[in-house]
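Participant: Just need the structure, nothing else, for what follows:
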Amino acid sequence: MASLSWDFIAKLVCIGDSGTGKSSLTIRLCEGRFSPHHDVTIGVEFGSRIVPVGPPNTKPLILKPEISRNADISNGLPEPPRAEPEVEQKHMKLSLWDTAGQETYKSVTRSYFRGASGALLVFDISRRPTFAHVQDWLNDLRQIAEPDIVVVLVGNKSDLTTGNENKREVTKEEAEDWAKKNGVLEYVETSAKSGEGVEMAFGRVAERIYQNIEAGKYDLNDRRSGVKGPGSGANRGSVKLGAPAKGGWGGGCC
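Facilitator: Numbering: from 1, shown residues only. Predicted coordinates:
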């Protein structure tokens, strides 16, 4: 067993219609497993996962020039490569709030939108009505959450779109188009059953939140920002971890 500390903690909410797989996505991320039978969420459930953010985990693409600026023109040989300074990997603890999707609990679950810095807006690829309702969910979120909340649109149950019995009712193109038109960061397709795309979806939100932290967009001592950092009194908490999950993230639920 190894321990991993975190530099930031961010509150994320999973929202969308009932039965879209929000709880299954959270369980897959936190516990690395899929449960085909999950009780309907009442109110909200919780999970957490520590993920790497920023360099060296994410490196910007550097295009090589036609002629290197380090080339020694006199003899045509390049200079020896210079050692890059080591960058300490930063980690973010995602505090996941899995909300109920049933209309009965909407008045309750809306209250959990406050103080969230990120959101996964989930629909079921095989059920078009759940896609039609994402606009309502996004409107509710933006009325209550902070204006700069990071949102990723997630089309879950991609495992139902393969083989002879393709049950896809929402195309990738129309979901991507909706995300662009509504100012959503991006669209990611996932399968809580196979794990495909799950870490990517949560990782995209975490990485953008980290970029916003670096840009100074959050007051890390203000609870309403949904992000805590150095000086918050909760920084660098140690969490025991098991083997790294498939895809390279170490993590655990707390």
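Participant: Do a quick rundown of the helices in the stretch 151-254 of the chain.
Facilitator: Secondary structure of the stretch 151-254 of the chain (DSSP state H, counting those that start in this stretch): helices at 172-181, 198-214.
Participant: so which of the ones you listed is the most packed in?
Facilitator: Greatest average neighbour count among those goes to helix 198-214 (a mean of 22), per mean count of other Cβ atoms under 10 Å. (Glycine included, C-beta is placed from N, CA and C.)
Participant: Which other helices and strands does that helix contact?
Facilitator: With contacts taken as 3 or more Cβ pairs under 8 Å, 6 or more residues apart in numbering; DSSP states H and E, helix 198-214 sits against strand 8-15, helix 22-31, strand 44-53, strand 90-99, strand 118-124, strand 150-156, strand 186-189.
Participant: what is the orientation angle of that helix with strand 150-156?
Facilitator: 170 degrees (axes from the mean of the first three to the mean of the last three Cα atoms, to 10 degrees).
Participant: For helix 198-214, report the contacting residues that lie outside it.
Facilitator: 8, 10, 12, 25, 28-29, 49, 51, 53-54, 58, 90, 92, 94, 117-120, 148, 150-152, 154, 185-186, 188, 190-192, 218, 220, 227, 229, 245, 247, 249 (Cβ atoms under 8 Å, 6 or more residues apart in numbering).
Participant: and the residues you listed, which are buried?
Facilitator: Among the contacts of helix 198-214, those scoring as buried are 8, 10, 12, 25, 28-29, 49, 51, 53-54, 90, 92, 94, 117-120, 150-152, 154, 185-186, 188, 190-192, 218, 220, 227, 229, 245, 249 (criterion: 16 or more other Cβ atoms under 10 Å).
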